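Enquirer: Sequence isn't available, so here's the structure alone:
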C-alpha cells in the first residue's frame with residue numbers, strides 16, 4: 001500500500017554522511033499537503049524520501065486525479081524524468097510532514113555513470129514498479145479487498161480523504177461510498 005525502500009535509504013544515508021563540504025545532497029522538509037513535484041514541470045533535482053508519506057498522482061485531461069502510489073521512506077522520485085530528460089510525469093504531494101534527500105542532477109548523473117550500486121538499486125526500483133503496477137491492475141477489479149487494505153493503512157499511518165481513496169482505487173466517490181457500505 002505504501003511503498004518503501006529501506007536499502008535505498010541506507011545507501012543515500014551513507015552518501016549524505018560521507019560528503020565533504022559539498023551541496024550535492026541536501027535535506028529538505030515539506031509540510032503536509034505541500035507539492036514536491038508538479039506534473040509537466042521540469043525538476044532540477046532528484047529526491048529520495050527520508051521520512052513521511054507522499055502521494056504520487058497525475059491529472060488526466062478531463063481534470064480527474066488518479067493516484068498511482070503512496071510513497072514512503074527510501075522511495076526515489078524524479079529519476080525517470082532525469083534519465084529520459086522529460087518534464088515530471090506525475091505530481092508528488094506530501095500527505096504527512098516529509099523530509100527528503102535532494103540530489104543535484106549532475107551528481108545523480110555522475111553516480112549513474114560511476115557507481116554500480118545505484119544502478120542495481122534503480123534496476124530493482126524499476127522492476128518493483130512493474131510488478132506492483134501489474135499486480136495492482138489485476139487487483140483493481142477487487143475494489144472491496146483493496147478498500148479494506150486502504151482503510152487499514154488509513155487507521156494506522158495517515159489521514160486520507162474520500163476523494164484520495166476514490167482516486168487511488170480509480171473509482172468515483174459515489175462508487176466508493178457504495179463499496180464502503182459493503183465493507184462495514
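Expert: Sure thing, it's come through. Values in this document were obtained by computation on a predicted structure and should not be read as measured data. Numbering: from 1, shown residues only.
Enquirer: ok, and for the lengthiest helix in the chain, which residues are buried?
Expert: Using DSSP state H to define each element, the chain has its longest helix at helix 116-139. Of all the residues in helix 116-139, those buried under the rule 16 or more other CB atoms under 10 Å are 118, 121, 122, 125. Placement of C-beta: from N, CA and C, glycine included.
Enquirer: what sits against the second one?
Expert: Taking CB atoms under 8 Å, 6 or more residues apart in numbering as the contact definition, residue 121 lies against 5, 7, 8, 11.
Enquirer: possible to save these as TSV with neighbour count?
Expert: Output for the contacts of residue 121, formatted as TSV (neighbours: other CB atoms under 10 Å):
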residue	neighbour count
5	21
7	13
8	21
11	19
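Enquirer: between the residues you listed, which is closest to residue 172?
Expert: The closest of those to residue 172 turns out to be residue 5 (CB to CB; 32.0 Å).
Enquirer: Test my guess that that closest one contacts residue 73.
Expert: Yes. Using CB atoms under 8 Å, residue 5 is in contact with residue 73, at 7.4 Å.
Enquirer: elements contacting the lowest-mean-pLDDT helix or strand in the chain?
Expert: Ranked by mean pLDDT, DSSP states H and E, the helix or strand of the chain with the weakest confidence is helix 143-156, at a mean of 73. The contact analysis (3 or more CB pairs under 8 Å, 6 or more residues apart in numbering; DSSP states H and E) places helix 143-156 against helix 162-169, helix 173-183.
Enquirer: give me that answer again for 6 Å
Expert: Helices and strands touching helix 143-156, by 3 or more CB pairs under 6 Å, 6 or more residues apart in numbering; DSSP states H and E, are helix 173-183.
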